[in-house]
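Student: attaching a predicted model along with its sequence, questions to come.
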Amino acid sequence: MKTATAQQNKRKSDSRSESKTSGKPTSSDARRHVMVTVSGGSPAIITETLYHLTQVRNVPISEIHVLTTSVGKKTLWDKLLNPTGEAHFHKLCAEYGLRGIKFDEETIHVLEGVDGTPLADIRTDEDNQHAAARVAELVSRLASDPDVVLHCSVAGGRKTMTIFMAFAFQLYARPGDTLSHVLVSPELENSPDFYFIPKKEKGVEFRTRVGTFSAKDARIQVADVPVVRLREKLPRIFENRRLSWADMVHETQQEMEATSIYLHVDTDRNRLVFGKTILELKPRWMDIFLFYVNLKKKHCKEPERRGHCGDCTACYEPLSELRYMGVNQADDIIALRTRNWSQEKKERSNIVLTLTERRDKLAELGESAESALSKLRSAIAATEDARFTEHCDIRRSEERAGHDVTRGIRIDENRIQFV
């Protein structure tokens, strides 16, 4: 029969093994590790998760944010934080030497109803919509800080709240952020005493529904939840906007559908086809659009991201490059216009001759380039197809000190086809 000491040593050994595969932070990691969870009537999931992250995975948690109801807050306060009550959070910190973790009134976020009053429970569809938006808002705000690593949990609260947390994580999580669910020994799932595994296990018993359970046999595990991360695939959907849950789901669906639509460039007819949207262009406008297509197709500066351009702007160029394309770009545009033609058609067609004669004009559009570009962008916007505009407009990159503003198209290069 194993002694308590042997059990402790085994648990420590297991902890070391798991730490090797769970992204253990190094001592040089200066980022803030923030734990985020939803909580209902069982605040023990907070201390259980904190115990595992800090003692098994060696994650230096610096803040804990909890989304809950007014009733959940009272329970949480009484069980975890009230210095005159049970104060299990403070006991855990004292027992394991956890210092400086911010967990107080400022990091407990009480969900509100339509009228702004704190919710005692989440019952109606409207309550759920407001709760979902609040979860997404918090995760989005925390994830916007590059110096923060998120550790989100789906262990507490109503099932709908855990779904909202998981979806918000999918939208906003970055590499290094984690989503998990805490699991304890089955006998302790409803124990009124169990909040974490004590350092001194000998003689400690926890009440259960059928009797007591020894601390030396207690186990806490955190299961990582794998998710499809959408942040880089949907980079602009939620920037600087506060959306309702319904709008968030709708726009995400629209954007995901848009990423499966190909842009068909018809150089013979001077038109662009994107799903059901067809845009007729003037020849000069098509030349300009092909200039940016050529940047995407032949001048990619991030080849490892090819086919997954997302928010990458490495191939974007300043307007000066459009004004003076140079002979190589002019030749590329002629090649793009005639890429599907047979040799016989090229030899017989007057269009090739016309294009060749226009090489000098392509090579030096001059100041008219900016005007033509503006008209092309206006034509794209006039389609009133938000997905077409989002993916195919010739947009500006973000301004950076000491760098020219550059322009390009966002659509993945492998979704551009010529007809």
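Tutor: On my side now, so go ahead.
Student: alpha carbons only for contacts and neighbour counts from here, please
Tutor: Noted.
Student: show me the domain layout of this protein.
Tutor: Here the domain assignment for the chain is 4-17+29-252, 262-418, based on automatic domain parsing.
Student: chain center to the longest one, what's the gap?
Tutor: Just to be clear, that refers to domain 4-17+29-252. Centroid separation between domain 4-17+29-252 and its chain, computed with CA atoms, centre = their mean, to the nearest Å, is 19 Å.
Student: mind listing the strands for the stretch 151-300 of the chain?
Tutor: 178-184, 205-208, 211-214, 220-224, 263-266, 271-274, 277-280 (DSSP state E, counting those that start in this stretch).
Student: now do the buried residues in the third one.
Tutor: It stands for strand 211-214. Buried positions in strand 211-214, judged by neighbour count with 16 or more other CA atoms under 10 Å: residue 213.
Student: one step back: turn the strands of the stretch 151-300 of the chain into JSON lines, columns for mean pLDDT.
Tutor: JSON lines is the format used below for the strands of the stretch 151-300 of the chain (pLDDT from 0 to 100):
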{"stretch": "strand 178-184", "mean pLDDT": "91"}
{"stretch": "strand 205-208", "mean pLDDT": "84"}
{"stretch": "strand 211-214", "mean pLDDT": "84"}
{"stretch": "strand 220-224", "mean pLDDT": "88"}
{"stretch": "strand 263-266", "mean pLDDT": "93"}
{"stretch": "strand 271-274", "mean pLDDT": "94"}
{"stretch": "strand 277-280", "mean pLDDT": "95"}
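Student: tabulate those strands (a markdown table), appending distance to residue 135.
Tutor: Putting those into a markdown table (distance: least, CA to CA, whole Å) gives the following:
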| stretch | distance to residue 135 |
| --- | --- |
| strand 178-184 | 14 |
| strand 205-208 | 33 |
| strand 211-214 | 36 |
| strand 220-224 | 20 |
| strand 263-266 | 35 |
| strand 271-274 | 34 |
| strand 277-280 | 36 |
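Student: right, and those strands - which one's nearest residue 197?
Tutor: strand 220-224 (7.8 Å; CA to CA).
Student: tell me what that closest one is packed against?
Tutor: In this structure, strand 220-224 packs against strand 178-184, with contacts taken as 3 or more CA pairs under 8 Å, 6 or more residues apart in numbering; DSSP states H and E.
Student: neighbouring strands for the strand it packs on, and are they parallel or not?
Tutor: The sheet places strand 178-184 alongside strand 148-153 (parallel), strand 220-224 (antiparallel), with pairing taken from DSSP bridges.
Student: what's the closest of those to residue 375?
Tutor: Nearest of those (CA to CA): strand 148-153, 42.6 Å.
Student: which residues are contacting that closest one?
Tutor: 31-38, 49, 142-143, 165, 169, 173, 176-182 (CA atoms under 8 Å, 6 or more residues apart in numbering).
Student: ok, residue 144 to residue 309 distance?
Tutor: Separation of residue 144 from residue 309 (CA to CA, to the nearest Å) stands at 20 Å.
Student: between those two, who's got more neighbours?
Tutor: The neighbour count for residue 144 versus residue 309, taken as other CA atoms under 10 Å, is higher for residue 309 (23 against 12).
Student: pull the contacting residues for that one.
Tutor: For residue 309, the contacting residues are 410, 411, 412, 413, by CA under 8 Å, 6+ apart.
Student: now do residue 35
Tutor: The contact partners of residue 35, by CA under 8 Å, 6+ apart, come to 50, 61, 63, 64, 65, 150, 151, 152, 153.
Student: how about it, phi and psi?
Tutor: When read as degrees, to the nearest 10, the backbone of residue 35 gives phi -90, psi 130.
Student: per-residue pLDDT, it?
Tutor: As predicted, residue 35 sits at a pLDDT of 97.
Student: that one and residue 301: what is the separation?
Tutor: Distance, residue 35 to residue 301, using CA to CA: 37 Å.
Student: any stretches of the stretch 151-300 of the chain with poor pLDDT?
Tutor: Where the stretch 151-300 of the chain drops to pLDDT under 70, the residues are 202-203, 232-245, 255, 258-259.
Student: helices of that one, start to end?
Tutor: Under the criterion DSSP state H, counting those that start in this stretch, helices of the stretch 151-300 of the chain are mapped to 159-172, 245-258, 283-298.
Student: redo those helices as JSON lines? Include mean neighbour count and distance to residue 56.
Tutor: Below are these laid out as JSON lines (neighbours: other CA atoms under 10 Å; distance: least, CA to CA, whole Å):
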{"stretch": "helix 159-172", "mean neighbour count": "20", "distance to residue 56": "23"}
{"stretch": "helix 245-258", "mean neighbour count": "15", "distance to residue 56": "35"}
{"stretch": "helix 283-298", "mean neighbour count": "20", "distance to residue 56": "46"}
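Student: now render those helices as a markdown table, adding distance to residue 121.
Tutor: Rendered in a markdown table, the data for the helices of the stretch 151-300 of the chain read as follows (distance: least, CA to CA, whole Å):
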| stretch | distance to residue 121 |
| --- | --- |
| helix 159-172 | 11 |
| helix 245-258 | 18 |
| helix 283-298 | 51 |
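Student: nearest to residue 275, of these?
Tutor: Nearest to residue 275, of the helices of the stretch 151-300 of the chain and by CA to CA, is helix 245-258 at 8.6 Å.
Student: show me what that closest one is packed against.
Tutor: helix 125-143, helix 386-392.
Student: mean neighbour count added to those helices, as JSON lines?
Tutor: Listed next are the helices and strands packed on helix 245-258 as JSON lines, based on neighbours: other CA atoms under 10 Å:
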{"stretch": "helix 125-143", "mean neighbour count": "19"}
{"stretch": "helix 386-392", "mean neighbour count": "20"}
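Student: using TSV, please lay out those together with distance to residue 116 and mean pLDDT.
Tutor: Below are those laid out as TSV (distance: least, CA to CA, whole Å; pLDDT from 0 to 100):
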stretch	distance to residue 116	mean pLDDT
helix 125-143	10	87
helix 386-392	33	87
